[in-house]
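Engineer: Below are the sequence and a predicted model; questions follow.
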Amino acid sequence: MRFPFTGVIPVDKPVGTTSRRVVDAVARALGMSAVGHAGTLDPLAEGVVVVCAGHATKLVDYVHGLPKHYTAAFLLGRSSPSDDFETPIDVEADPRVPTIAEIETALPSFRGDILQRPCDYSAVHVDGKRAYRLARKGRPIELAEKPVRIDRLEVTAYEWPRLGLEIVCSSGTFVRAIGRDVATALGTTAVMESLVRTAVGPFARGASLAMAAVTPESARAALLPAAVAVPSLPRLTLGGELLDKAVRGGLVAAVEPAVAAVAAVDEAGDLIGILKRHESGFYRLRPNFRGEG
């Protein structure tokens, strides 16, 4: 299939807007329906939403797997069912006030590979239904802990009750839950007051297109090559008969050392698809931007 545009656009989403509305704005600007986002950002949060257009929509999982960078503010001594301001806040009558030294001591246990219980008000599926739908009906929810990775967790500011944190984490990590769990370890509670996604992998907020500025002209100007969506994959340049063979669905010789996937580019550096390792040890384009995909 031919698309008028293929590539990636990082958009700076404002508070109060859904990620779906970001996608819709870009889709209207580009005049095409093959547009999607690579990772939802809650309406109460702001910052980078990476939008993929055309063939790049098949790279969403790769973008989704990039590390997420956040700055967040939490109010200690408070709790809510949603762990943020979406639901009513309960203020502790006599909260424990931790010192900055206690907070710094508590943080290391939340860095690295950890198990985290998702928030009740989340899109996690429970018996085929979204957890937040059950939570809004007051139904009991049992969510299993899930493995996540937190590469950076640092205090940026602290003046009771407000705690500021800088976070770099894997996809699937609930920032609200980080504040919740850190507070529990300190003998108190917390709700997330604000959240800013400052980057998704190489896509920084400062280089993102403001949603209010999305127009046909600005969207086309902001469109980045699809290859930027897979910065962690090794690259292989295909040309001549080898390129023709790969585009027709043929197998490409094994890559050394063997890896699961390789970003295939043509001699101009344009991404033509992802070479996936075949059971034979050879590679085949999946997706194939110039073939059937």
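Structural biologist: Noted; the coordinates are in hand. Numbering: from 1, shown residues only.

Engineer: neighbours around the closest residue to P95 other than its chain neighbours, how many?
Structural biologist: Leaving out its chain neighbours, the residue that sits closest to P95 by C-beta to C-beta, 6 or more residues apart in numbering is G77, at 3.2 Å. C-beta: built from backbone N, CA, C; applies to glycine. Look at G77: counted by other C-beta atoms under 10 Å, it has 20 neighbours.

Engineer: Tell me the bridge partners for V48.
Structural biologist: Per DSSP bridges, the residues bridged to V48 are D12.

Engineer: Check it and give its pLDDT.
Structural biologist: V48 is assigned a pLDDT of 98 by the prediction.

Engineer: Number of residues surrounding the closest residue in space to V50 that isn't next to it in sequence?
Structural biologist: Once flanking residues are discounted, V50 sits nearest to A38: 4.5 Å by C-beta to C-beta, 6+ apart. By the criterion of other C-beta under 10 Å, A38 has 26 neighbours.

Engineer: swap in the one 10 residues further on?
Structural biologist: The number of residues packed around V48, counting by other C-beta under 10 Å, is 25.

Engineer: That one reaches A204, doesn't it?
Structural biologist: Yes: using C-beta atoms under 8 Å, V48 is in contact with A204, at 7.3 Å.

Engineer: ok, the most centrally placed residue in the chain - contacts?
Structural biologist: Residue closest to the mean C-alpha point of the chain, counted by C-alpha atoms, centre = their mean, is G39 at 4.0 Å. With contact set as C-beta atoms under 8 Å, 6 or more residues apart in numbering, G39 has these partners: 19, 49-50, 63-64, 68, 171, 200.

Engineer: Closest to E145 out of those?
Structural biologist: For the contacts of G39, the residue nearest E145 by C-beta to C-beta is S171; the value is 16.2 Å.

Engineer: Next, the closest one: secondary structure please.
Structural biologist: The assignment at S171 comes out as coil when based on DSSP: H, G, I helix; E, B strand; the rest coil.

Engineer: did I read that right, I178 in a helix?
Structural biologist: Yes: I178 forms part of a helix when assessed by three-state DSSP.

Engineer: Identify the residues contacting it.
Structural biologist: Residues near I178 by C-beta under 8 Å, 6+ apart: 72, 110, 116, 150, 153, 165, 167, 169.

Engineer: so can I have a markdown table of these showing secondary structure, neighbour count and pLDDT?
Structural biologist: Formatted as a markdown table, the contacts of I178 follow (DSSP: H, G, I helix; E, B strand; the rest coil; neighbours: other C-beta atoms under 10 Å; pLDDT from 0 to 100):
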| residue | secondary structure | neighbour count | pLDDT |
| --- | --- | --- | --- |
| A72 | strand | 22 | 98 |
| F110 | helix | 18 | 98 |
| Q116 | strand | 21 | 95 |
| I150 | strand | 20 | 98 |
| L153 | strand | 19 | 98 |
| L165 | strand | 24 | 98 |
| I167 | strand | 25 | 98 |
| C169 | strand | 23 | 97 |
